[in-house]
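Asks: predicted model and sequence follow; I will ask about them next.
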Amino acid sequence: MTEFLELETQDAVRMPWNVLPGSKSEAAQCVIPVSAIYTPLKPFPNTPTLPYAPLRCRNCRSVLNPFSIVDFSSTKIWICCFCLQRNHFPQNYQSISETNMPAELFPQYTTIEYESSTEKAAMTNPVFLFVIDTCVIEEEIGYLKSSLLQVLGTLPENCLIGLITFGTYVHVHELGFGQIPKVYVFKGSKEVSKDQVLEQMGFFANKPKPTTGVIAGVRDGLSQESISRFLLPASECEFTLNSILEELQRDPWPVPADQRAARCTGTALSVAAHLLGICVPGSGARIMAFLGGPSTEGPGAIVSKILSEPIRSHKDLDKDSAPLYHKAVKFYEGLSKQLVHQGHVLDVFACALEQVGLAELKVANEKTGGLVVLAESFGHSVFKDSLKQVFQSGGNDLGLSSNGIFEVNCSKDVKVQGVIGPCASLEKKGPLCSEVVVGQGNTTAWKMCGLDKTTSLCLIFEVAKKENPDAIAQSANPQFYFQFLTYYQHPSGQMRLRVTTLSRRWVAGPGSVQDLIAGFDQEAAAVVMSRQVSFKMETEADFDPIRWLDKSLIHICSRFGDYQKDSPSSFTLSPRFSIFPQFMFHLRRSQFVQVFGNSPDETAYFRMILNRENVANSVVMIQPSLISYSFQSGPEPVLLDVAAIAADRILLLDSFFTIVVFHGSTIAQWRKAGYHEQPEHQAFAQLLKTPREDAEAIIRERFPVPRLVICDQYGSQARFMLAKLNPSATYNSDAPPIPGGDIIFTDDVSFEVFLDHLQRLAVH
């Protein structure tokens with residue numbers, strides 16, 4: 001595993017297959033596709049940023065890299081490793097030699113950045129448009145106000161701020177009008193067009209509106225004064241904004257006892273998108289929506305106002321009996337296209353006990369690369385600490401970048417099926433596009449309106465080579481090349497291009513299985529499978545995820561396991577594959593696959609986070625980590641099994657979304673008796689303190705901030721721990737649990753039974 005981590009620290013890439021199947025038929029037998037999890041903006045402190053433009057191949061437009069073949073003689077030529085085109089070096093490269101190479105040819109710089117001084121961004125000021133739901137109780141408004149007032153004090157002075165509040169109506173606040181609060185009001189029950197926003201908000205009150213062309217920003221006839229009425233630098237509008245927020249009250253429209261509040265989320269987001277499209281197109285501006293309940297009014301409504309009508313559940317979606325669902329999704333698909341076209345991001349902070357409509361909003365949030373946080377209340381630490389982290393500066397910041405365009409180039413024998421992750425297809429079709437489309441496909445270029453240091457894309461490829469194995473075996477250069485180009489606006493405002501070029505050996509023919517096994521990264525494979533199964537569950541009707549995962553796992557074990565036919569006891573897996581069945585067992589039981597007990601909003605949230613995280617974090621979501629603390633030994637990892645529970649142990653479970661500190665029954669009794677407060681029991685006080693400190697350390701490093709649950713064995717909150725453990729001891733097990741141990745009340749099969757069945761099926 002260490003060599004795969006080393007590859008990741010060099011290029012921010014993890015691939016399930018690091019030795020690739022060399023033909024289409026070989027790739028099909030591998031079950032898991034040729035794929036890569038790539039983190040475009042992973043920080044590389046030692047990677048240089050070159051102050052000039054990259055040198056591109058005149059045929060395929062790939063960038064000069066360490067795998068290019070260079071002729072340093074008087075002709076000064078380089079041969080592209082992707083299309084074998086011969087290219088002449090320009091005049092400024094004439095002094096290069098084998099002892100005087102440019103940085104982009106150094107073998108260690110397979111990932112490098114370019115920052116051309118000629119390409120200044122048209123607009124460097126970050127833009128934040130806050131969209132606030134006021135249909136919540138006074139207490140919630142108070143929590144939200146205090147969080148927003150806190151972060152406003154930390155914003156850089158040059159960033160532009162706008163404010164929209166909504167309930168039954170949408171209120172656009174004119175922050176540039178300092179004398180008295182001034183708002184423009186739109187009816188929430190109707191869709192609002194861009195022209196209506198232009199007209200109603202008086203953008204052309206002092207001069208005639210242009211008769212032709214798109215109205216977008218200063219260059220299209222809009223004066224800077226009219227823009228700064230609604231979007232103002234933080235330093236200029238701080239007083240106005242603070243006074244508006246301090247006086248913010250609950251939506252005044254009366255709500256009958258048998259009805260929900262009239263909340264027009266869709267209209268508010270639509271007005272926000274129009275406003276940014278008019279004022280700051282292509283700027284990487286962010287709409288930050290703070291939602292406190294379900295949308296019931298206007299476009300994007302997810303439920304009627306009548307309280308007796310429940311909000312759609314997974315069962316309703318399966319039966320197609322959620323009347324507003326498809327209409328709302330269609331509305332947000334339209335909004336996502338508009339935002340992607342404008343280059344703007346939609347961030348969602350959904351804080352309510354009931355669903356707000358995240359399942360419908362998902363498309364607009366994901367395609368624009370927005371952040372998403374789901375919490376039970378605006379007063380919850382999950383929301384408050386996550387919001388602080390968004391605006392944090394220094395080493396722990398998110399590194400929010402914008403205006404990204406991501407491109408892929410690869411050897412002609414490899415085609416791109418698509419990307420599963422937070423981006424939108426730019427529909428740039430070409431010979432490298434596969435006919436099979438997965439996720440955002442039919443393209444080799446994607447728009448990433450918003451991206452940060454951890455945003456990770458899952459690229460799915462197809463091996464198109466159809467030659468016979470003999471021809472492959474004799475091939476002179478058994479390498480496939482991949483190049484990932486990310487053109488983006490750095491937080492400093494400067495446009496940059498990051499280029500990562502990879503080479504992977506391919507094999508084919510009878511002896512290739514051992515080579516494939518040697519290059520298998522089981523963590524990356526589990527993450528690719530999890531993204532694939534989530535995508536299929538959302539897009540394929542009547543898809544059975546458990547059957548698909550089991551079938552895939554059986555095929556993999558049959559192909560790469562070591563066994564005598566029809567002898568399950570002889571079955572063994574190479575260490576490269578040995579943990580993979582365990583990952584699949586936990587994936588089958590995870591919240592990504594088992595939707596029972598979760599709302600559509602929660603399931604959408606879990607999948608949105610899975611689809612943007614790197615391999616290490618995704619593995620924790622699939623198979624949580626469990627650490628044991630006791631008097632006998634220091635912190636040590638233990639198996640994710642009910643057998644790990646003991647009366648004299650504290651367990652720390654990290655499942656990414658939730659961190660659980662679980663006290664065994666004896667530890668809990670001692671704590672309740674106050675032993676840790678007595679000077680002679682310092683060791684016990686330290687034992688209680690260490691897991692809490694470790695939990696806090698995890699929380700500080702993570703976005704969204706996870707929920708912290710502190711519980712005791714046999715307590716009501718213990719369910720957060722028990723739900724994640726392998727049920728090796730259940731209520732109907734033959735052997736009773738060891739004293740101080742525990743059992744799980746479930747009919748789910750244990751990992752041992754699962755593995756037993758897998759071995760029997762794999763050897764047939």
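Replies: Done, it's in. Here the structure is a predicted model, which is why all the values come from computation and not from measurement. Numbering: from 1, shown residues only.
Asks: measure the nearest residue to Glu98 once chain neighbours are set aside to Tyr93 for me?
Replies: Leaving aside its sequence neighbours, Glu98 sits nearest to Phe72 (C-beta to C-beta, 6 or more residues apart in numbering; 5.4 Å). All C-beta spots, glycine's among them, are computed from the backbone N, C-alpha and C. From Phe72 across to Tyr93, the span is 10 Å (C-beta to C-beta, to the nearest Å).
Asks: give me the contacts around stretch 376-383.
Replies: By C-beta atoms under 8 Å, 6 or more residues apart in numbering, the surrounding residues in contact with stretch 376-383 are 136, 139-140, 143-144, 147, 290, 292, 349, 351-353, 373-375, 384, 704-708.
Asks: next step: these restricted to helices.
Replies: 139-140, 143-144, 147, 384 (DSSP state H).
Asks: pLDDT and distance to Leu358 added to the residues you listed, as JSON lines?
Replies: JSON lines is the format used below for the ones in helices among the contacts of stretch 376-383 (pLDDT from 0 to 100; distance: C-beta to C-beta, whole Å):
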{"residue": "Glu139", "pLDDT": "96", "distance to Leu358": "22"}
{"residue": "Glu140", "pLDDT": "97", "distance to Leu358": "17"}
{"residue": "Tyr143", "pLDDT": "97", "distance to Leu358": "20"}
{"residue": "Leu144", "pLDDT": "97", "distance to Leu358": "18"}
{"residue": "Ser147", "pLDDT": "96", "distance to Leu358": "19"}
{"residue": "Lys384", "pLDDT": "96", "distance to Leu358": "19"}
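Asks: quick check: domain ranges of this structure?
Replies: Taking automatic domain parsing as the reference, the chain has its domains at 2-116+400-520, 127-390, 624-725.
Asks: rewinding a little: and the contacts of stretch 376-383, which of them are buried?
Replies: For those, a burial check counting by 16 or more other C-beta atoms under 10 Å picks out 136, 140, 143-144, 147, 290, 292, 349, 351-352, 373-375, 384, 704-708.
Asks: residue ranges in the stretch 351-500 of the chain under the pLDDT threshold?
Replies: 394-396, 467-476 (pLDDT under 70).
Asks: if we use 80, what do you get?
Replies: 393-398, 466-477 (pLDDT under 80).
Asks: ranges for the helices of it?
Replies: With helices called from DSSP state H, counting those that start in this stretch, the stretch 351-500 of the chain shows them at 358-367, 381-390, 469-473.
Asks: Leu725 reaches Ile744, doesn't it?
Replies: Yes - contact status for Leu725 versus Ile744: in contact at 6.6 Å, counting by C-beta atoms under 8 Å.
Asks: more neighbours: which of these two?
Replies: Legend: neighbour count by other C-beta atoms under 10 Å for Leu725 and Ile744, higher for Leu725 (24 against 19).
Asks: ok, and the closest non-adjacent residue to that one?
Replies: Counting by C-beta to C-beta, 6+ apart, Leu725 lies nearest to Val642, which is 4.7 Å off, once chain neighbours are set aside.
Asks: hmm, the one you found is touching Gly741, no?
Replies: Yes - between Val642 and Gly741 there is a contact under C-beta under 8 Å: 7.5 Å.
Asks: okay, and the common contacts of these two?
Replies: By C-beta under 8 Å, 6+ apart, Val642 and Gly741 have these common neighbours: Ala729.
Asks: and these two? which has more neighbours close in?
Replies: Using other C-beta under 10 Å, the more surrounded residue of Val642 and Gly741 is Val642, with 22 against 17.
Asks: ok, the more buried one - contacts?
Replies: Per C-beta under 8 Å, 6+ apart, neighbours of Val642: 722, 725-729, 737, 741-744.
Asks: so which of these is the most crowded?
Replies: Leu725 (24 neighbours).
Asks: which helix or strand contains the most centrally placed residue in the chain?
Replies: The centre of the chain sits closest to Arg612, judged by C-alpha atoms, centre = their mean, with a distance of 1.7 Å. In this assignment (DSSP states H and E), Arg612 forms part of neither any helix nor any strand.
Asks: ok, back up a step: now the phi/psi pair for the residue nearest to Glu98, please.
Replies: phi -80, psi 0 (degrees, to the nearest 10).
Asks: quick check: Thr154 vs Ser728, distance?
Replies: Taking C-beta to C-beta as the measure, Thr154 falls 48 Å from Ser728.
Asks: coming back round to it: how far away is the residue nearest to Glu98 from Glu104?
Replies: Separation of Phe72 from Glu104 (C-beta to C-beta): 15 Å.
Asks: show me the contacts for the closest residue to Arg286 other than its chain neighbours.
Replies: Leaving out its chain neighbours, the residue that sits closest to Arg286 by C-beta to C-beta, 6+ apart is Val345, at 4.5 Å. Counting by C-beta under 8 Å, 6+ apart, Val345 makes contact with 284-287, 339, 368-370, 402, 449-450.
Asks: Phe72 and Glu104 - which one has more neighbours?
Replies: Between Phe72 and Glu104, counted using other C-beta under 10 Å, Glu104 has the larger neighbour count: 21 against 15.
Asks: now that one, what's its secondary structure?
Replies: Put simply, Glu104 is helix when judged by DSSP: H, G, I helix; E, B strand; the rest coil.
Asks: and the closest residue to Gly292 other than its chain neighbours, what does it touch?
Replies: Nearest residue to Gly292, sequence neighbours excluded (C-beta to C-beta, 6+ apart): Val136, at 3.7 Å. Val136 is in contact with 144, 250, 292-293, 352, 378, counting by C-beta under 8 Å, 6+ apart.
Asks: before we move on, what about Ser628?
Replies: 635-638, 644, 649-651.
Asks: distance of it from Gln483?
Replies: Distance of Ser628 to Gln483, computed by C-beta to C-beta: 45 Å.
Asks: go on, Ile622?
Replies: To Gln483, Ile622 is 29 Å away according to C-beta to C-beta.
Asks: cool, and Gln196?
Replies: In terms of C-beta to C-beta, Gln196 sits 45 Å off from Gln483.
Asks: who has more neighbours out of these two?
Replies: Legend: neighbour count by other C-beta under 10 Å for Gln196 and Gln483, higher for Gln483 (23 against 14).
Asks: dump the residue contacts of the closest residue to the more buried one other than its chain neighbours.
Replies: Leaving out its chain neighbours, the residue that sits closest to Gln483 by C-beta to C-beta, 6+ apart is Asn409, at 4.3 Å. Contacts for Asn409 (C-beta under 8 Å, 6+ apart) come out as 60-62, 82, 432, 444, 482-483, 485.
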